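In: return a 3D structure for these sequence lines:
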Amino acid sequence: MERNRISRAIACTLLIPVLFCGCERPPRAELVPTTPTEMTTEVTETIPPMDVDLTEPEEPLYSEEAYSILEAMSIEEKVAQCFMVTPEQLLGQDKPVYAEDYITYGTESLTAALDEYPVGGVVLFGGNITDPRGTTAFTSVFSSEGMFVAIDEEGGDITRIASDPDFDVTVFPPMSEINDSYEVGLTIGTYLRDFGFNLDFAPVADIVPDPSNNVIGNRSFGDEYTDVSAHIISCVSGFNDAGILCSLKHFPGHGDTGGDSHYGAAVLDKTLDELRDSEFKPFEAGIETGCPFVMVGHITVPEVTGDIPAT
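Out: Below is the predicted model:
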């Protein structure tokens, strides 16, 4: 199968802005039936006006090549494209898959697994990363297949590359201490690109109004949506200029939740209007700046979706 997974999967990310406009159901039409004795049935509908642009786009949303690729894919291939997995999951093993092992022993098992399970992307964690040479060779196995090759590299305490002195890259303090967020995105994006990654699960778009919230804590740019939004715009611009994709997280907002979704239930007690007036703002700013991904958190918002989490 010819693969260009990035061009196949990127179309899915265009749906992300819908999250900001598709959460509310329009009011139900008011039906007023006539009396039963009348021979004809008349129904009066009160329909709220809708501001809908019905103008046909000047250009198609996707290229003809993208459509032809999709048409040639089987259902199994399309489903596989929805998954981003670890190397361990791809190979069906529990022990860490070390980058240097594939320098020594070759990549036949990985390529065979990709032929059987043509997933859309792979994410590497600290256990997969050993040294610059091994990591670059390892990521090339996946990038040569046109896959998303992702990593968590926020800066501060959440790093897989900068925390290893062998990589000799800039080490940033926590984002709560950052002034030049553009430089964060540009620098991290540049060295990740050089090591073969094309997607970073950063920046954190959460607002942390309560300093006792340790789930996000100093990973956030601040406690006001205006400040966080400004930093998100700058940071995403840096990633864009570095030539790497980035992902806003953790929608709909993990900075003001009760509980930690890593270990149990996390609840955000806000209405949809409150979310739109605060938590959603940095995500909206990042999307408008060109960030193509939003990472959704395992967060329950009772006022919006009851006991069903955002994921």
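In: hey, let's count contacts and neighbours off CA atoms from now on
Out: OK.
In: so where is the chain shaky, pLDDT-wise?
Out: The model of the chain has pLDDT under 70 over residues 1-62, 102-106, 261, 263.
In: can you show me the strands along the stretch 1-150 of the chain?
Out: Assigned by DSSP state E, counting those that start in this stretch, the stretch 1-150 of the chain shows strands spanning 30-32, 44-46, 84-85, 121-124, 148-151.
In: so what are the sheet partners of the fourth one and their directions?
Out: Think strand 121-124. Within its sheet, and counting by DSSP bridges, strand 121-124 is paired with strand 84-85 (parallel), strand 148-151 (parallel).
In: what about the helices in the stretch 151-300 of the chain?
Out: Assigned by DSSP state H, counting those that start in this stretch, the helices in the stretch 151-300 of the chain fall at 181-194, 225-242, 272-277, 280-289.
In: kindly reformat those as a markdown table containing distance to residue 124 and mean neighbour count.
Out: Formatted as a markdown table, those follow (distance: least, CA to CA, whole Å; neighbours: other CA atoms under 10 Å):
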| stretch | distance to residue 124 | mean neighbour count |
| --- | --- | --- |
| helix 181-194 | 12 | 22 |
| helix 225-242 | 19 | 23 |
| helix 272-277 | 32 | 14 |
| helix 280-289 | 24 | 22 |
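In: was I right to think residue 149 contacts residue 120?
Out: No. Between residue 149 and residue 120 there is no contact under CA atoms under 8 Å: 9.2 Å.
In: give me the more crowded residue out of the two.
Out: For residue 149 versus residue 120, neighbours defined as other CA atoms under 10 Å are more numerous around residue 120 (28 against 25).
In: wait, doesn't the more buried one sit right on residue 84?
Out: Yes. Between residue 120 and residue 84 there is a contact under CA under 8 Å: 5.8 Å.
In: ok, back up a step: CSV for the helices of the stretch 151-300 of the chain, including distance to residue 94?
Out: Output for those, formatted as CSV (distance: least, CA to CA, whole Å):
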stretch, distance to residue 94
helix 181-194, 26
helix 225-242, 33
helix 272-277, 39
helix 280-289, 35
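In: count of neighbours near residue 78?
Out: Neighbourhood size, residue 78 [other CA under 10 Å]: 16.
In: so the closest residue to it other than its chain neighbours versus residue 82, what's the distance?
Out: Computed as CA to CA, 6 or more residues apart in numbering, the closest residue to residue 78 that is not its neighbour in sequence is residue 70, at 7.9 Å. Here the criterion is CA to CA, to the nearest Å. By it, residue 70 lies 13 Å from residue 82.
In: contacts only, for residue 154.
Out: 201, 202, 203, 204, 219 (CA atoms under 8 Å, 6 or more residues apart in numbering).
In: quick one: which of those residues is the most crowded by neighbours?
Out: Most surrounded of those: other CA under 10 Å gives residue 203, at 30 neighbours.
In: does that one touch residue 247 like I think?
Out: Yes. Assessed by CA under 8 Å, residue 203 is found in contact with residue 247 at 6.4 Å.
In: got a list of what residue 201 touches?
Out: Counted by CA under 8 Å, 6+ apart, residue 201 has contacts 150, 151, 152, 153, 154, 246, 247, 248, 249, 295.
In: so what's the residue count around the closest residue to the fourth one other than its chain neighbours?
Out: Same thing as residue 153. Leaving aside its sequence neighbours, residue 153 sits nearest to residue 159 (CA to CA, 6+ apart; 4.5 Å). Neighbourhood size, residue 159 [other CA under 10 Å]: 18.
In: farthest pair in the contacts of residue 154?
Out: The largest separation in the contacts of residue 154, counting by CA to CA, is between 201 and 219 at 12.8 Å.
In: one step back: out of the strands paired with strand 121-124, which one sits most buried?
Out: strand 148-151 (a mean of 24; mean count of other CA atoms under 10 Å).
In: export it to PDB, keeping only CA atoms.
Out: The C-alpha coordinates for strand 148-151 follow below in PDB (Å, rounded to 0.1, in the frame of the first residue of the first chain):
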ATOM      1  CA  PHE A 148       2.900  11.300  12.400                       C
ATOM      2  CA  VAL A 149       6.000  10.900  14.700                       C
ATOM      3  CA  ALA A 150       5.000  12.500  18.000                       C
ATOM      4  CA  ILE A 151       6.500  13.200  21.500                       C
END
